[in-house]
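Peer 1: Need a 3D model of the sequence below.
(chains A and B)
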Amino acid sequence: MKDYLTNLLDNAIKELVKNFDKNIIQVSRPKKIQHGDFSTNVSLPLAKIQKKPPLVIADEIVKRIPASPLIEKVEIAGAGYINFFLSSEARVKLINLILMEKENFGKSSFGKKQKVQVEFVSANPTGPLHVGHGRGAAIGDSIARLLDATGWDVTKEFYYNDAGAQINSLSLSVQARAKKIGPTDEEFPKDGYQGEYINEIADGFLSKAEFNFKSNMIRPSGDIENLQALKEFSVAYLRHEQDLDLEAFNVDFNVFSLESSLYKNGQVDQIVKMLIENGHTYEKDDALWLKTTSFGDDKDRVMRKTDGEYTYFVPDIAYHLDKWKRGFKRVINEQGADHHSTINRVRGGLQALNMQIPLKWPEYILHQMITVMKNKKEVKISKRAGSYVTLRDLIDEVGCDATRYFLTARRPDSQLIFDIDLAKTKNNENPVYYIQYAHARISRVLEQWNGNKESLSVTNGDSLKNLSELRLIKSISEFPEVVFQAAEELAPHQIANYLKDCAAEFHSYYNDTKFLIDDKNIMENRLALIRATQFILSNGLKLLGISAPNKM
RNA sequence: CUGCCCGUAGCUCAGCUGGAUAGAGCACCAGUUUUCUAAACUGGGGGUCACAGGUUCGAUUCCUGUCGGGCAGGCCA
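Peer 2: All right, here's what the predicted structure looks like:
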C-alpha cells in the first residue's frame, strides 16, 4: 500500500516538476486517526525547490492523484500534509488477507534466502547464565526470528570460550572445593570462582554422578588429582546447566562452536602464521603484538603472551574467519557492551588477514547493563552464583514470558531496570499480561460463539466503521511494516511496543462493542476482525518467543 | 585522561534517516460491570525533550561544547 501511494505521488509530481529526487517522497503512518491511514509531507521540501507555498503545491499534487477504489479520500491538512484515507474495500481486503495467510501474515521475502548468522549469548562455561546473558539471549533470539520472518536463511550460533586462563581457574576452583578448601582459606586459588555452584560441581564429580550431555553420558572418575578430567567434567557440567536454562527460556541454537576446537584443528596457528606473513605483527617484551592501530584501534594488542599462550582475541579472529569461510556474507554478533573493545580487535585482525573481508563485517548489536530491582532495592547477589543474578532466578521467579518481554522491550543500548515486582504482577501494570490477555479474550469469544472459525471472513466492510473498529484495523494493518522495520534495524523492542498498542486498540474495541449479537452478518464481520487481530497478536508474540495463551 | 552508550512527565520507557499541538504504561484524581474474563475501558492534571551554542523555512531528532550516569581502555574475557 505504501509503495502504491508512493507511485501515485511520484506520477503526480512528475507532471509538476521536471527533475526531482523520488526519495523525497516519504509516505508515513500518521500517529493520529484524524490524519488518515497514510500521510506524506512531500509538499514541504517541494515548496522550497519550487518556491511556492506548500499548501499550493499540495493542492496541485492532490488534483493529479487519480481516483482509486482503495482510497476513500485525500485531504490536505496542517502546513501542507497530504493525508490518505483508505476505503472500506481496502479494509475488507486487508482483514481477509490476514485470515488467509494466518501465521504467515507479516512475513516477507526481503532477505531472498541469503545466509545470515546470528551469534549470541556465547557465555563462558565458567558459571550459570546471568541476567546479562538473558538479555542477550532474548534480543539475539528475537533478531533471529525477525530475520527469519523477513526471508533470511538464519543460523543461530553459540560460541564457547572453553580454553584459556578462565577455564584453568575454573578447574582449580573445583579441585579446591573437592578438597574442602573454601574461598576464605589461604590455599584457595587466587581469583578463583567462589559461587556455591562450584561446590555442586565438586560434589557431582566426587559422587561420580552421571548425566546425559548432547547424547553422551558423562561419567566422572572422581579422581580429583586429574586436573584434565576435572576440567572436562566441569565444562560439560556447566554447559549442560546453561542448556537447561536456555531451554527454559525458549531459546535454541543451530550450531555450538568451541574455542578449544579452533586450537585442536590448527585454525589458530594458521591465522597467526597468516598475520605474521602479512607483516602485521612484531615482537616486543617477549610477546607477539598485532598492529591493530593500522585498522583503527587506539593501541596495539598483545596476541601471544610471554608465557606462550594466545590472548582471547586470537581464537576470536580464527573463529570469525571460519564464519566467513562458511559463506556468511552477513554476521550479526549480539553481546554485552562491556565487551565492545573486541570489535576493533576482531575487525582489525580480519583486515590484517587480507582476505577482502568488508571493513564493517561482522555487525554488532551491543546491549547495556541491567539493574535488577526487588522491593525497590537493587538485587546483586544470587544464592548459587554469588556475585550476580542468574537467568534461572528470574525465570523461576517471574516466568519465561515476562522475563523475555522485559528483556526485549527496551532498546538494547539503553541501560535497563528490571523490576521483579512489576514483572510478577498479573494485572494491568504488566504489559505482558495485557497483551496476552487480549489474545485470550479473543479466544474465549470465538469459543463461546462456537462456529467454524475457518469460514470467517469480512463480507460487508461498511459494517466495520465505528471509531474503535477503524483504529483497530489501522493498527493491525501496520504489522507487516513494523516487522520489516524491526528486522531492518535489528530492533525487536519495536515489536514489543507495537503489540502493546495493538492490544490497547483491541481492549478498547472489546469494551465498547459487543460481538456475540443477534445480527448474524454484523456479528460475523466483527468476529472476522477480532480473529484477524488474534493472528497479529500471536504472530507478534512468537517473534519475541512469548506464548499466546487461549485462556488466562 | 581517551573511546563507546545513555540523559524525554514523579517512576519505567517509546519517538530520533529533521516536519502536524512531544507519546505510552505506572503512580495521582474522577468515572464505567443486569452485557462475550474489570488481568479491561473512559476522562483529567502533569514536560524549558540535561544545559549552551550552531546548521535549517523548521531541531527532541543533525553538528560542536559543557554537565551528569554507565561501560571499556590489563600479556582478563
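
Peer 1: any residue of the top helix by length along chain A up close to RNA strand B?
Peer 2: Longest helix of chain A, by residue count under DSSP state H: helix A:520-543. No: if you take C-beta under 7 Å from any atom of the strand as the test, helix A:520-543 misses RNA strand B, and the best it gets is 8.5 Å. C-betas here are computed from N, CA, C, even on glycine.

Peer 1: same deal with stretch A:224-242?
Peer 2: No: applying C-beta under 7 Å from any atom of the strand, one finds stretch A:224-242 separated from RNA strand B by no less than 13.2 Å.

Peer 1: Could you do stretch A:293-310 as well?
Peer 2: Yes: under the criterion of C-beta under 7 Å from any atom of the strand, stretch A:293-310 makes contact with RNA strand B via A:Asp298, A:Lys299, A:Arg301, A:Val302, A:Lys305, A:Thr306, A:Asp307.

Peer 1: avg pLDDT for that stretch?
Peer 2: Across stretch A:293-310, pLDDT averages out at 90.

Peer 1: what's the answer for stretch A:200-209, then?
Peer 2: 93.

Peer 1: Helix or strand with the lowest mean pLDDT in chain A?
Peer 2: helix A:43-50 (a mean of 84; mean pLDDT, DSSP states H and E).

Peer 1: helices and strands around that one, which ones?
Peer 2: helix A:54-63 (3 or more C-beta pairs under 8 Å, 6 or more residues apart in numbering; DSSP states H and E).

Peer 1: next structured bit after the helix it packs on?
Peer 2: Once the chain leaves helix A:54-63, the next helix or strand it forms, by DSSP states H and E, is strand A:71-77.

Peer 1: Please name every helix or strand in contact with that following strand.
Peer 2: So strand A:71-77, by 3+ C-beta pairs under 8 Å, 6+ apart, packs with helix A:54-63, strand A:81-86.

Peer 1: The ones you listed: which one's closest to RNA strand B?
Peer 2: strand A:81-86 (3.7 Å; C-beta to the nearest atom of the strand).

Peer 1: Give me the residues contacting that closest one.
Peer 2: Outside strand A:81-86, the residues within contact range by C-beta atoms under 8 Å, 6 or more residues apart in numbering are A:1, A:5, A:9, A:30, A:35-43, A:58, A:61-62, A:70-77.

Peer 1: And that strand, how far out from the chain middle?
Peer 2: Distance of strand A:81-86 from the chain centroid (C-alpha atoms, centre = their mean, to the nearest Å) equals 33 Å.

Peer 1: Tell me which strands it pairs with, and in which orientation.
Peer 2: Neighbouring strands of strand A:81-86 in its sheet, by DSSP bridges, are strand A:38-40 (antiparallel), strand A:71-77 (antiparallel).

Peer 1: residue ranges of the helices in the stretch 201-350 of chain A, please?
Peer 2: With DSSP state H, counting those that start in this stretch as the criterion, the stretch 201-350 of chain A has helices at A:227-248, A:259-264, A:267-277, A:313-325, A:342-352.

Peer 1: Which secondary structure elements does the third one sit against?
Peer 2: Packed against helix A:267-277 by the contact rule (3+ C-beta pairs under 8 Å, 6+ apart) you find strand A:287-290, strand A:301-304, helix A:313-325, helix A:342-352.

Peer 1: could you dump the second one to PDB, C-alpha only?
Peer 2: I take that to be strand A:301-304. Provided in PDB are the C-alpha atoms of strand A:301-304 (Å, rounded to 0.1, in the frame of the first residue of the first chain):
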ATOM      1  CA  ARG A 301      47.400  -5.500  21.300                       C
ATOM      2  CA  VAL A 302      49.300  -8.500  22.600                       C
ATOM      3  CA  MET A 303      48.400 -11.600  20.800                       C
ATOM      4  CA  ARG A 304      50.900 -14.100  22.300                       C
END
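
Peer 1: Format the helices and strands packed on helix A:267-277 as a markdown table; extra columns: distance to A:Ser547.
Peer 2: A markdown table is the format used below for these (distance: least, C-beta to C-beta, whole Å):
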| stretch | distance to A:Ser547 |
| --- | --- |
| strand A:287-290 | 47 |
| strand A:301-304 | 45 |
| helix A:313-325 | 32 |
| helix A:342-352 | 35 |
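
Peer 1: Which of these sits closest to A:Phe253?
Peer 2: Among the helices and strands packed on helix A:267-277, the nearest to A:Phe253 by C-beta to C-beta is helix A:313-325 (14.3 Å).

Peer 1: List of residues touching that closest one?
Peer 2: Residues outside helix A:313-325 that contact it (C-beta under 8 Å, 6+ apart): A:117, A:119, A:159, A:161, A:163, A:257, A:259, A:262-263, A:267-268, A:270-272, A:301, A:303-304, A:331, A:342, A:345-346, A:349-350, A:353, A:355, A:357, A:361-362.

Peer 1: tell me which residues of the longest helix of chain A are tucked away?
Peer 2: Under the neighbour-count criterion of 16 or more other C-beta atoms under 10 Å, helix A:520-543 has A:523-543 buried.

Peer 1: thinking again about what came up before, so what's the gap between the least confident helix or strand of chain A and the chain middle?
Peer 2: That offset, for helix A:43-50, works out to 39 Å (C-alpha atoms, centre = their mean).

Peer 1: and that helix with helix A:54-63, angle?
Peer 2: 110 degrees (axes from the mean of the first three to the mean of the last three C-alpha atoms, to 10 degrees).

Peer 1: low pLDDT regions in the stretch 201-350 of chain A?
Peer 2: Within the stretch 201-350 of chain A, not a single segment meets pLDDT under 70.
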